[in-house]
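Novice: Compute the structure for the input listed below.
(2 chains)
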Amino acid sequence: MTDNSGAIPLETDTDKTAPGAKVLEVRDLSVDFGVEKKWVPAAIGLNYEVRAGEVLAIVGESGSGKSASSMALLGLLPSNSRVRGSVKLSGRELIGPDAGRIREVRGKDVAVIFQEPMTALNPVYTVGAQIVETLRLHNAISPDEAKERALHMLDLVELPDPEKAFKSYPHQLSGGQRQRAMIAQSLSCDPKLLIADEPTTALDVTVQAEILDLMRHLRNKLDSAIILITHDMGVVADLADRIAVMRRGVIVETGTAQQIFSNPQHEYTQALLAAVPHLGQGADSADVDVTAALAAATHSELESVDPEELARRERENEEALKVAAAEETKRKGEPVLELTDVAIEYPKQGRVPAFRAVEGANLVIYPGEVLGLVGESGSGKTTIGRAAVGLLPVAEGTMRVVGQDISAAKRNGKQLHRIRRDIGMVFQDPSSSLNPRLPIGESIGEPMFLAGVAKGAALQGRIEKLLDQVELPRSYRNRYPHELSGGQKQRVGIARALSLQPKLMVADEPTSALDVSVQAKVLELFQGLQRELGFACLFVTHDLAVVDVLADRICVMQRGRIVEQGTRDQILRNPQEAYTQRLLAAVPLPDPEKQRERRELRAQLLAAGIE
Amino acid sequence: MSNTKHFVAPVEDTPLRATDSLRTDQAPLSLWADAWRKLRRRPMFIISSLMILFLLFVAFFPGVFTGVDPNNNCQLSNSEAGPTAGHPFGFTLQGCDVYARVIHGTQASLSVGVLSVLCVLVIGVTLGALAGYYGGWLDAVLARLGDIFFALPLVLGALVITQLPLFRENKSVWTVVFVISMLAWPQMARITRGAVIEVRNADFVTAARSLGVSRFGALVRHVLPNALAPVIVLATLELGVFIVAEATLSFLGIGLPTSVMSWGNDISAANASIRTNPSILLYPAGALSITVLSFIMLGDAVRDALDPKSRQR
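Specialist: As a prediction, the model looks like this:
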């Protein structure tokens, strides 16, 4: 492709690397960062290779060095880094004295898709201009030719209206469209190697599923080698041919997707796979065959599954649903949280009019019950959570919390103050929800001190007990938040929320900022505490699999409305609303076989939806 | 490693460790302890703080450094005379000992600087924090009020204020402090307001509010401590600026009364002999520069230490 001048390379490639040829060969790659005059290793002696048309997934948790090592391939690391070893791109060495050549390679032979398309695209240029820039930087072509090719690329990434997208600024596109535009830009010079750094992490599940579909189509069309960097086993199962598992800078296991998922050898891989929450694999009840449930609910047939086999699975599912319905205990007691036709607005600020985020919401939580509130971004799930704590006013309808009408309580008034003592709240980001200037013991003790529950030695005793409950050592009382890891901070957040022994706990995506293995531990802890202390919980999350682990009941929201609610079995075994079905089908399963079935089903669902 | 080979790292080399393991061996560190740990190793911080300690010592105990009475021992016969034994810097136009005047002038200059910074901190942080935290009309009113004072140039504003009947007759250190704080608080208020607005919407403030902390309580306990870093930096930098401002005002004859010894007054008086004996000017000016430089260096070092971006661990 060195001499292509203007020709659209996708069709007229002559010297493309033969299928299956090695595109990238990495030998003994080590990356270190200089911190306070010491070298801290980020990646140690990595060896891997990627062939044309192949997807290598590099999986690992935060701090495993998966991103640092991949950015090192392109020389995109900050100046305090040191890279050693050998990286050969189609036989050309990228590391060493000729590092200046790397810029030539960047964007042309190797392209990167970043996690956050909003920040990776320049907001002051149109999408088209940015693709044209990339094209003309690496090819001697006229602006008109470049435009033609840019439009072709936008069409290739399945944007509905390429002409319109070409003239749009990044903020005018939705998150999924931006990621498509970003992919179009990356692919515009027909790279031999594509590095996708958490390409779907910032996206909603349904959008993520679409982007994954797109990447699968493109791989078949383009024959590029792809390195997929991700922490999400579901994404890996959906896309990867081969997998490298990284931890603390070292590759602990590599193999085909089949080998890794069905026969993981290294302890860490096994632990990681076990920590991933499966949708349909609740904490203690029987596994739910969501694929069969969806097939039954939508009367679909699957090519990849034998009809009889599917029928058997569907029957099993129906029976389990009946059993669950019979077993369902009567909910008793006075509701802890009760919403009746609630509408919630963000009040108008200056000239910005009020925005109605939730409309006509009805839901009830009884004592000791966990209600999972699920929805994609902008669905209003967090809004309901915040209103339940009185942080947002209720515009219409009534919201009763622990028997008191919070919608009628005056903002910042005494009554609201009293109601809040019965509610605990856990926030999404453990780093920002703790005051960095207060030792964690004080953060935990503050609500108790203010409520006059305990003082002095009694207060210290209560703080120690709470630390015990969240399994943190008592000596941590005097530590500051920045000394703790994310999971530990979140445990402090839970301890603080528990400090006044609330009757209702509002948890707003408490685990979405954590690594999978940490998430598993925090969820386990949360569940244990919920059973032990018996508080009711409104668990807000975008992750269906997490809800599945915890919730007794599930409530699905879309665009400010509750579209479906019911017990866990009702929602997972017999989803009725089209949106719920689409949502369930979009959650990738950390198992390549099952994910293939699910993918087919999802395609059918979408096709049915269009008709 | 071929395409199909299943590679597993030896488990002995990569043992499984507990997830989210706890570190109990290290001593707890707060932001301030962290900053102190970093400052201790900065030569700039060490030099500047030693100099400031020395200056404070001079200000409190001028008698230790000179036995000469700076004001009442002036003899015109010594006018503009060069250094002699016991009078290392020579004599002024009026025949006073320059060395003694420089030593005794430290007190006035430093106290103007320190007192002005304290006043500016009290006014600026209070108004800025209230404006930033509560917003709305309060913010609008305070912002406009600050703009009015911000628009006044220092010298012009000082001229107007000191010519008010109240101040014309009884000038003292306090009048200069009053003038400087009146004209300098808006900048402090702006910095505080910005920092408070940034922290106001942080999750931990919402968390505190949802756990029953009152609105004002959250400001005092959660917002302000997190908004103080830029304020402290600005305060150390402004200390130097205020000492210069005092010198400027005294030089122009609208600052300290001539009865108070200060470097500004001495620089002003040395104006007359700049062609015949410039060293009379250089000594108080040099003392002023060194003092200002020390405070600015300290401000720089503190800013670097408190910058969250440079924090590790």
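Novice: can you list contacts of the lengthiest helix in chain A?
Specialist: Longest helix of chain A, by residue count under DSSP state H: helix A:307-327. The contact list for helix A:307-327 (C-beta atoms under 8 Å, 6 or more residues apart in numbering or on different chains) reads A:285-286, A:288-289, A:291-293, A:295-296, A:301-302, A:305, A:567, A:569-570, A:573-574. No exception for glycine: its C-beta is placed from N, CA and C like everyone else's.
Novice: thought A:Ile251 was touching A:Leu56?
Specialist: No - A:Ile251 lies out of contact with A:Leu56 (C-beta atoms under 8 Å); the separation is 11.1 Å.
Novice: can you pull the contacts of residue 105?
Specialist: Defaulting to chain A. Taking C-beta under 8 Å, 6+ apart, we find A:Val105 in contact with A:74, A:89, A:92, A:94.
Novice: The chain in question should be chain B.
Specialist: Residues near B:Gly105 by C-beta under 8 Å, 6+ apart: B:261-263, B:265-266, B:284, B:287.
Novice: want to throw those residues into TSV with distance to chain A, neighbour count and pLDDT?
Specialist: Below are the contacts of B:Gly105 laid out as TSV (distance: C-beta to the nearest C-beta, whole Å; neighbours: other C-beta atoms under 10 Å in any protein chain shown; pLDDT from 0 to 100):
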residue	distance to chain A	neighbour count	pLDDT
B:Met261	42	23	83
B:Ser262	39	31	84
B:Trp263	38	29	85
B:Asn265	43	25	82
B:Asp266	44	28	83
B:Pro284	42	27	86
B:Ala287	38	21	89
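Novice: Most widely separated two among those?
Specialist: B:Asn265 and B:Ala287 (12.7 Å; C-beta to C-beta).
Novice: Show me the residue at the heart of the chain, geometrically.
Specialist: Here I'm looking at chain A. Geometric centre of chain A, nearest residue: A:Thr201, 4.7 Å, by C-alpha atoms, centre = their mean.
Novice: that answer is for a different chain, and I need it for chain B
Specialist: B:Thr236 (2.5 Å).
Novice: so that one makes contact with B:Val292?
Specialist: No - between B:Thr236 and B:Val292 there is no contact under C-beta under 8 Å: 11.4 Å.
Novice: Poorly predicted segments of chain A, please.
Specialist: Scanning chain A for pLDDT under 70 picks out the ranges A:1-19, A:97-101, A:103, A:107, A:280-287, A:304, A:326-331, A:411-412, A:609-611.
Novice: any idea where the strands of chain B begin and end?
Specialist: Applying DSSP state E to chain B gives strands spanning B:7-8.
Novice: Where does the prediction get shaky in it?
Specialist: Ranges of chain B meeting pLDDT under 70: B:1-4, B:11-31, B:307-313.
Novice: which residue ranges form the helices in it?
Specialist: B:31-39, B:43-60, B:98-134, B:136-150, B:154-162, B:165-168, B:173-200, B:203-210, B:215-218, B:224-251, B:263-270, B:279-306.
Novice: With the stretch 101-250 of chain A instead?
Specialist: Here the stretch 101-250 of chain A has its helices, by DSSP state H, counting those that start in this stretch, at A:102-105, A:117-120, A:127-138, A:143-156, A:162-167, A:175-187, A:205-222, A:233-239.
Novice: could these go into CSV alongside distance to A:Gly487?
Specialist: Formatted as CSV, the helices of the stretch 101-250 of chain A follow (distance: least, C-beta to C-beta, whole Å):
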stretch, distance to A:Gly487
helix A:102-105, 37
helix A:117-120, 26
helix A:127-138, 38
helix A:143-156, 41
helix A:162-167, 40
helix A:175-187, 27
helix A:205-222, 23
helix A:233-239, 18
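Novice: Count the residues that sit near residue 200.
Specialist: With no chain named, the answer covers chain A. Using other C-beta atoms under 10 Å in any protein chain shown, A:Thr200 has 27 other residues around it.
Novice: Chain B, not that one
Specialist: The tally of other residues near B:Arg200 (other C-beta under 10 Å) stands at 20.
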